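[1] Here's my sequence, what's the structure:
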Amino acid sequence: MPKKLNRYTAGDWLLSALMVIVCFLALYPVWYTVILSLNDSGDALRGGIYLFPRKFSLQSYKTVFMDKTIIRAFAVTIARTIIGTVTSVFFTSMVAYAFSKAHIMGHKAYMIIGTITMFFGGGLIPYFITLKNLGLYDNFLVYIIPGLFSFYNMIIFMSFFRDMPAGLEESAKLDGANDLLIFIKIILPLSMPVLATIALFNGVYHWNDYFMGVMYINKAELQPIQTYLYRVVASASASKAVVAMPAGMTANQVSSTSVRLATMVVTTLPIVCVYPFLQKYFVKGFMIGSIKG
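    Reported below is the predicted structural model:
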């Protein structure tokens, strides 16, 4: 009798079971946060909620979306993500296009200096003093200017640009186009895969980052949603940091804990929804410049 194909061994079953356990341990905390935020806060204090809400309620989410502080923090995050991503992608790609030309004067020296910055930094205190002296402390631009250039992203761009046919630029120069026109009209339109990859890198960073708001922003109106959430969760008196209860809603209907959980869900949901559709760009970004067969 011919041997059966795709026959699972005991080792395969063991590995499958192990992966199921790992996935469960990774996903259950997220699910637990969601069901608690959807449960009535007073009922949740009794405990015993593990898989589904026992008493469904949207009061916590109503509280979140009725708070002007949270809405303003969301607006700051959205503005920061859009502006920071667009400017960083354009500026880094422009520098990478120049670095992709080996004949540029000082090319090797700049590459060595840039590589060193990937492994060594000046430290948090000198960085803080530099940004403050530049007038970026308590300034929205602190989210934008320091992130305009990333040497790691530049290497990805540079590897992609070097693989482009040289004849494209040569024919454009024969038609009288300069380097800037070639970059904007020819290089960028042909670089959509790497542009999408780096844009995704930057977008996820700007959306998830809370550290810049903690260290360099003191004004409440400039803090992003992740910084707001961090300060609420980390506060010793969390109940004072949570939003005021809307009119007609008592503390028994919504607690500080349920509001924090609802804020976590609302903050995380957009990037969770977007990431599965753009995950392929992460893989493509890491493969750019790799060894080709």
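[2] hey, let's count contacts and neighbours off CA atoms from now on
    Fine.
[3] What residues of the helix or strand hosting residue 29 count as buried?
    Assessed by DSSP states H and E, residue 29 sits inside helix 10-37. For helix 10-37, burial by neighbour count (16 or more other C-alpha atoms under 10 Å) applies to 31-37.
[4] Check stretch 207-220 too.
    207-210, 213-214, 216-217.
[5] Can you add distance to residue 53, pLDDT and secondary structure and give these back as a markdown table?
    What follows is the buried residues of stretch 207-220, written out as a markdown table (distance: C-alpha to C-alpha, whole Å; pLDDT from 0 to 100; DSSP: H, G, I helix; E, B strand; the rest coil):
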| residue | distance to residue 53 | pLDDT | secondary structure |
| --- | --- | --- | --- |
| 207 | 29 | 89 | helix |
| 208 | 27 | 87 | helix |
| 209 | 30 | 90 | coil |
| 210 | 30 | 88 | coil |
| 213 | 34 | 89 | helix |
| 214 | 34 | 89 | helix |
| 216 | 39 | 92 | helix |
| 217 | 37 | 90 | coil |
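[6] which of those residues lies closest to residue 137?
    Of all these, residue 216 has the smallest distance to residue 137: 5.3 Å, by C-alpha to C-alpha.
[7] Point me to the residue sitting closest to the centre of the chain.
    For the chain, the residue nearest the mean C-alpha position is residue 204 (1.7 Å; C-alpha atoms, centre = their mean).
[8] ok, back up a step: could you list the alpha-carbon positions for the next helix or strand after the helix holding residue 29 in PDB?
    Note on helix 10-37: by DSSP H and E, the next helix or strand toward the C-terminus is helix 41-44. Output of helix 41-44 as PDB, limited to C-alpha atoms (Å, rounded to 0.1, in the frame of the first residue of the first chain):
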ATOM      1  CA  SER A  41     -18.500  48.400  35.800                       C
ATOM      2  CA  GLY A  42     -20.500  47.700  39.000                       C
ATOM      3  CA  ASP A  43     -21.100  44.100  38.000                       C
ATOM      4  CA  ALA A  44     -17.400  43.700  37.000                       C
END
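[9] I'd like to know the average pLDDT value across helix 41-44.
    Helix 41-44 shows a mean pLDDT of 73.
[10] For it, list every residue counted as buried.
    Residues 41, 43-44 are the ones in helix 41-44 that count as buried (16+ other C-alpha under 10 Å).
[11] Quickly note the distance from residue 267 to residue 205.
    As judged by C-alpha to C-alpha, to the nearest Å, residue 267 and residue 205 stand 14 Å apart.
[12] Next: residue 257.
    Using C-alpha to C-alpha, residue 257 is found at 27 Å from residue 205.
[13] likewise residue 91?
    As judged by C-alpha to C-alpha, residue 91 and residue 205 stand 17 Å apart.
[14] Residue ranges in the stretch 1-150 of the chain under the pLDDT threshold?
    For the stretch 1-150 of the chain, the stretches with pLDDT under 70 are 1-6.
[15] Just the helices from it, written as ranges.
    Applying DSSP state H, counting those that start in this stretch to the stretch 1-150 of the chain gives helices spanning 10-37, 41-44, 59-65, 68-99, 107-119, 124-133.
[16] right, so of those, which gets closest to residue 177?
    Closest approach to residue 177 among the helices of the stretch 1-150 of the chain (C-alpha to C-alpha): helix 68-99, 15.6 Å.
[17] list the buried ones in the closest one?
    Those would be 69-70, 72-81, 83-90, 92-99, for helix 68-99 by 16+ other C-alpha under 10 Å.
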